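> sequence unknown, structure follows:
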């Protein structure tokens, strides 16, 4: 019997009778992080990292959530589980599963480069590596984070000088906080869309410092946000909510913005290729560092990335899952009790 | 007043052009684009200016390196297997960009002018493959990522950057202080950055180019009813023909025929040679290049058989003869008459054309009407007259340039519609790259689904996103960029015409098919049948 199996409910460990990021309601679910394609509603018991819990609690409000520290071992029916930083968003983990000397690691979503706010990715040795491949094509190569933020700061300053408001679309959970943490907040005031501010509130409550932000409400005078930065979820792009910020420049922060076609399609003035997923090089590095011989690719360019890995001599396969990675059109999927804008990535 | 001509301290390089390109690419606002262009014109040398204008108005240097060779060399440099390069290309949807993204970083720098690089590329024409390769690799190794993209685009063509001719003229007017409509005219026709002289082109009132056409006045579609147009008697109505918009010029005993795409097409329509003897020097006519036989227009499909041909055979000339159906007079006795009122131009046009009684040079008739209701009824009969609707022109109006609202409207007939099932999806190019946007549709023939058309446009971005996701989750098979999908989604398609076709399995071909709406309410079983399409064929 395999240590982990791919079932209709999700990734299953028969020996321990638990699921990893299941997409159908189950009894026991080990959750990598709080994005809604990974942390779904309706399970009996949730297990996640301490820092991932507040968001999961806020979004799903389940009756039973247990937490573990990073690296802490949990024994379930003889199977050892531990959570290791995935670097995707705050609290996001890879889940290591060990039974009788056999080790498998499930990444959920991840990136290797440090973003200054999430716990930085740590490679974990294993026999079987279950990886995402949202950006598993060589055309995706991220610039250094500081270069991207230099561009964003420059864009904000330029808009300010021209009397424009800067509106930037970023997933409300994860990207928005990374943006707030790294942007030069001395440039001007920062306002947020309600969906972003709700998550900010949760994140601040867990002791993480973000620059001051003010949620946009009806009673704020227009002149208040002149020259300011406004952070909103992708779903707000093109909405009537946005019109009141005229004149504004619109930017989108997403890995998909690496391609000119996607940038132009978005109808945004600027597209900043800023992703919380590994790029091509990072995916390859991650696979190599695990030392794994067997690789399963769960979402993204699964077919191409697994073929590439096979050509590198690995036993690689694509598996069909319901994870979505970074959703290109930024459509927020509501499942269960998601409030507006809570689904990201 | 002219700005200072090309002084020695004024120079701009490929870097400036790349910066211009990037800046234009970074905004959706025409005002910002105009500003960026005007600023570029102020720094670039005259020769670079000409090239920038040429590139942005779709006059490109001749292609000197084959695209597949470029791909091959870039693949080798990237160290990737061929299939992965190809998959990357499918995803990116643009070869120049794919190469840019996959090449290793450059080892050197350079700061040559735009003209230098264009000449560098042009010089490759007479070089053998090895020589081309060496030159291209040398260049790639000396250009930054953004510059490489521009460089690759110079080779592969297709500089789509959201700058219309009108916008470029506006920016140039801002820089040169020459009036926009004057500039629009000066930039028409035969100039080329190789032979052209910027000062001469932009500032000189004289032109040696006797073929120079006038900018076409283009109509917007009438979206509302005719109610907003006021008194019907102030309007002239004509049939809208489904041919190619053209301008016929007779000057100094020579004939020139321009298509709307600013292509000189005189040689393609030998029927028109006779015009030299029919029209006096200094005559310019606006009208439609229309296949015409036995006193009746033929379909656009007929015209298509002539468009692509380099030489027109006697057989084809006999099968698909072409007439020029004129509806406006732009120059008369060597005088630009665009400032005359339409009714006066029309009067003169009739006086010139009608007495000729020529089967090739025809006058487009006006459609008589006295009330909007009357015209509404006539419009519904457009297809009987083999026209695609009505053109409305204000009698008082002058002949303007470019697409402008107010005086001219096109009022097309409602299209045919049919409900069809999506069976294949292909990822798009350009701004639709990496997204399944090109679909093949089928209708029922018995219990079989027969593909009969492709359609690309018509859905909102939000719907495209939904369909894209659905396609990815409901793929049955993949063939390169194409996926076959479960036959479940039904769409209402609109199209302008339908023809028999031996090239299509279904036996029919549609004109301008596009998606009208997504029929969420219909299961695939309720889509139309092939027989429904055949009925439309018979009705015509």
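Perfect, thanks for sending it. All figures in this text were calculated on a predicted structure; none of them were measured in a lab.

> what number of residues lie near the residue in the stretch 51-200 of chain A positioned nearest to chain B?
Taking C-beta to the nearest C-beta, chain B has its nearest neighbour within the stretch 51-200 of chain A at residue A:139, 4.2 Å off. The way it works is simple: take the backbone N, C-alpha and C, and place the C-beta from them, glycine included. Using other C-beta atoms under 10 Å in any protein chain shown, residue A:139 has 22 neighbouring residues.

> The residue nearest to it when sequence neighbours are not counted sits in which helix or strand?
Once flanking residues are discounted, residue A:139 sits nearest to residue B:101: 4.2 Å by C-beta to C-beta, 6 or more residues apart in numbering or on different chains. Per DSSP states H and E, residue B:101 falls inside helix B:95-102.

> immediately after that helix, which helix or strand?
Using DSSP H and E, the helix or strand that follows helix B:95-102 towards the C-terminus is helix B:114-122.

> List the buried residues of the helix holding residue B:101.
Neighbour counts using 16 or more other C-beta atoms under 10 Å in any protein chain shown place B:95-102 of helix B:95-102 among the buried residues.

> Can you tell me the SS state at the residue of the stretch 151-300 of chain B found nearest chain A?
Closest to chain A within the stretch 151-300 of chain B is residue B:162: 7.8 Å, counting by C-beta to the nearest C-beta. Secondary structure, DSSP: H, G, I helix; E, B strand; the rest coil: residue B:162 is coil.

> And it, how far from residue A:283?
33 Å (C-beta to C-beta, to the nearest Å).

> Just the pLDDT for residue 235.
In the absence of a named chain, this looks at chain A. Per-residue pLDDT puts residue A:235 at 87.

> Please refer instead to chain B.
The score at residue B:235 is 96. That number is its pLDDT.

> okay, residue B:162 and residue A:283: which has more neighbours?
Applying other C-beta under 10 Å to residue B:162 and residue A:283 shows that residue A:283 carries more neighbours, namely 29 against 14.

> got any ranges where chain B has weak pLDDT?
Low-confidence segments of chain B (pLDDT under 70): B:1-11, B:430-433, B:538-540.

> ok, and the closest non-adjacent residue to residue A:95?
Distance criterion C-beta to C-beta, 6+ apart; nearest residue to residue A:95, sequence neighbours excluded, is residue A:106 at 4.8 Å.

> Count the neighbours of the one you found for me.
Counted with other C-beta under 10 Å, residues neighbouring residue A:106 total 25.

> Wait, it touches residue A:86, no?
No: when contacts are counted by C-beta atoms under 8 Å, residue A:106 is not listed as touching residue A:86 (9.7 Å).

> any common contacting residues for these two?
Residues touching both residue A:106 and residue A:86 (C-beta atoms under 8 Å, 6 or more residues apart in numbering or on different chains): A:32, A:94.

> how about the residues of chain A that lie near chain B?
Within chain A, the positions adjacent to chain B are A:137-139, A:141, A:249, A:256, A:258-265, A:267-270, A:303-304, A:307-308, A:311, A:328-329, A:331 by C-beta under 8 Å from any C-beta of the partner chain.

> buried set for the helix or strand where residue A:284 lies?
In the assignment (DSSP H and E), residue A:284 maps to helix A:280-290. Buried positions in helix A:280-290, judged by neighbour count with 16+ other C-beta under 10 Å: A:280, A:282-284, A:286-287, A:290.

> Any chance of TSV for the residues you listed, columns distance to residue A:169 and pLDDT?
Shown next, in TSV, are the buried residues of helix A:280-290 (distance: C-beta to C-beta, whole Å; pLDDT from 0 to 100):
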residue	distance to residue A:169	pLDDT
A:280	24	98
A:282	24	98
A:283	25	98
A:284	29	98
A:286	28	98
A:287	31	98
A:290	34	97
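
> Can you lay out those residues as JSON lines showing distance to residue B:230?
Listed next are the buried residues of helix A:280-290 as JSON lines, based on distance: C-beta to C-beta, whole Å:
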{"residue": "A:280", "distance to residue B:230": "61"}
{"residue": "A:282", "distance to residue B:230": "64"}
{"residue": "A:283", "distance to residue B:230": "64"}
{"residue": "A:284", "distance to residue B:230": "68"}
{"residue": "A:286", "distance to residue B:230": "69"}
{"residue": "A:287", "distance to residue B:230": "70"}
{"residue": "A:290", "distance to residue B:230": "75"}
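
> Show me which of those is closest to residue B:188.
Set against residue B:188, the nearest of the buried residues of helix A:280-290 by C-beta to C-beta is residue A:280 (47.0 Å).

> The closest one and residue A:301, how far apart?
Separation of residue A:280 from residue A:301 (C-beta to C-beta): 9 Å.

> what do the two both touch?
Common neighbours of residue A:280 and residue A:301, using C-beta under 8 Å, 6+ apart, are A:135-137.

> My guess is residue B:505 contacts residue B:448. True?
No: at 10.6 Å, residue B:505 and residue B:448 do not qualify as touching, with contact defined as C-beta under 8 Å.

> Name the nearest residue to residue B:459, sequence neighbours excluded.
Setting aside the residues directly before and after it, residue B:459 is nearest to residue B:515 in space (C-beta to C-beta, 6+ apart), at 5.5 Å.

> List of residues touching the helix or strand hosting that neighbour?
Assessed by DSSP H and E, residue B:515 sits inside strand B:514-518. Contact with strand B:514-518 is made by B:415, B:417, B:439, B:455-459, B:463, B:467, B:489-495, as judged by C-beta under 8 Å, 6+ apart.

> next SSE after that strand?
Next along the chain after strand B:514-518, taking DSSP H and E as the criterion, comes helix B:530-539.

> And stretch A:173-190, what's buried?
Going by neighbour count (16+ other C-beta under 10 Å), the buried part of stretch A:173-190 is A:173-183, A:185, A:187-190.

> What's the mean pLDDT across that stretch?
Mean pLDDT, stretch A:173-190: 97.

> Report the distance from that stretch to the chain centre.
16 Å (C-alpha atoms, centre = their mean, to the nearest Å).

> now the end-to-end length of that stretch.
One end of stretch A:173-190 sits 17 Å from the other (C-alpha to C-alpha, to the nearest Å).

> and what of stretch A:24-41?
Stretch A:24-41 has its terminal residues 8 Å apart, counting by C-alpha to C-alpha.

> average pLDDT for that stretch?
pLDDT averaged over stretch A:24-41 gives 95.

> Can you tell me which helices and strands the helix or strand just after the helix holding residue A:284 packs against?
Going down the chain from helix A:280-290, the next helix or strand is strand A:294-300, by DSSP H and E. Secondary-structure packing of strand A:294-300 (3 or more C-beta pairs under 8 Å, 6 or more residues apart in numbering or on different chains; DSSP states H and E): strand A:128-133, helix A:302-311, strand A:315-318.

> Please report how far the residue lying closest to residue B:29 once chain neighbours are set aside lies from residue A:295.
Once flanking residues are discounted, residue B:29 sits nearest to residue A:269: 7.2 Å by C-beta to C-beta, 6+ apart. To residue A:295, residue A:269 is 39 Å away according to C-beta to C-beta.

> can you check residue B:160 too?
39 Å.

> do residue B:461 as well
35 Å.

> Counting neighbours, go ahead and name the busier of those two.
Comparing residue B:461 with residue A:295 by other C-beta under 10 Å, the one with more neighbours is residue A:295, at 23 against 17.

> what's the more buried one in contact with, if anything?
A:128-131, A:287, A:306, A:309, A:314-317.

> Buried members of those into PyMOL, please.
In PyMOL syntax, the buried subset of the contacts of residue A:295 is picked out as below (16+ other C-beta under 10 Å):
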select buried, chain A and resi 128+129+130+131+287+306+309+314+316
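
> For the contacts of residue A:295, give me TSV that also has distance to residue B:184.
Output for those, formatted as TSV (distance: C-beta to C-beta, whole Å):
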residue	distance to residue B:184
A:128	66
A:129	62
A:130	61
A:131	56
A:287	58
A:306	55
A:309	56
A:314	61
A:315	64
A:316	59
A:317	60
